[in-house]
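>>> Sequence isn't available, so here's the structure alone:
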């Protein structure tokens with residue numbers, strides 16, 4: 001069975017919940033990976049970017065920066081990966097705080113991947129909203 005492509009702007013897709021675009025950028029240089037996950041928030045209008053620096057699978061540095069939409073539009077390499085709700089973003093942020101402590105001294109590739117998956121919303125079945 002073919003799965004229809006996700007139309008991010010279709011509110012019916014997410015049962016009418018307000019969703020926000022999520023972007024990702026991954027850059028690797030000299031054995032270090034910098035992964036950025038960004039969400040576009042409307043009030044106040046800004047982009048919140050969570051930056052992870054990973055060396056040999058270990059999360060070495062994590063920080064959050066906030067930019068205006070105009071500043072964000074000038075950044076290269078970001079691609080839209082999904083839309084998410086603020087409640088899912090909160091779960092992501094809380095999980096990120098736990099992982100940053102847990103992964104200071106050990107490899108956490110799967111934990112980081114699973115954390116990003118939290119942002120992807122499940123399509124609701126018709127009539128189950």
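Looks like it arrived, so ask away. As the structure is a prediction and not an experimental result, all values here were calculated from the model.

>>> so how far is the helix ranked longest in the chain off the chain centroid?
Looking across the chain with DSSP state H, the single longest helix is helix 86-102. Its chain's C-alpha centre and that of helix 86-102 lie 10 Å apart, by CA atoms, centre = their mean, to the nearest Å.

>>> pLDDT of it, averaged?
Here helix 86-102 scores 90 as its mean pLDDT.

>>> For the helix or strand following that helix, which helices and strands make contact with it?
Downstream of helix 86-102, the next assigned helix or strand under DSSP states H and E is helix 109-117. If you count contacts as 3 or more CB pairs under 8 Å, 6 or more residues apart in numbering; DSSP states H and E, helix 109-117 packs onto helix 86-102. For every residue, glycine as well, the C-beta is placed using N, CA and C.

>>> contact partners of the helix it packs on?
For helix 86-102, the surrounding residues in contact (CB atoms under 8 Å, 6 or more residues apart in numbering) are 18, 20, 22, 37, 39, 50, 59, 62, 84, 108, 111-112, 115-116, 118-119, 121.

>>> List only buried entries from those.
Neighbour counting over the contacts of helix 86-102 (16 or more other CB atoms under 10 Å) leaves 20, 22, 37, 39, 50, 59, 62, 84, 108, 112, 115-116, 118-119, 121 as the buried ones.

>>> out of these, who's nearest residue 30?
Looking at the buried ones among the contacts of helix 86-102 and their distance to residue 30, the nearest is residue 59, at 17.1 Å (CB to CB).
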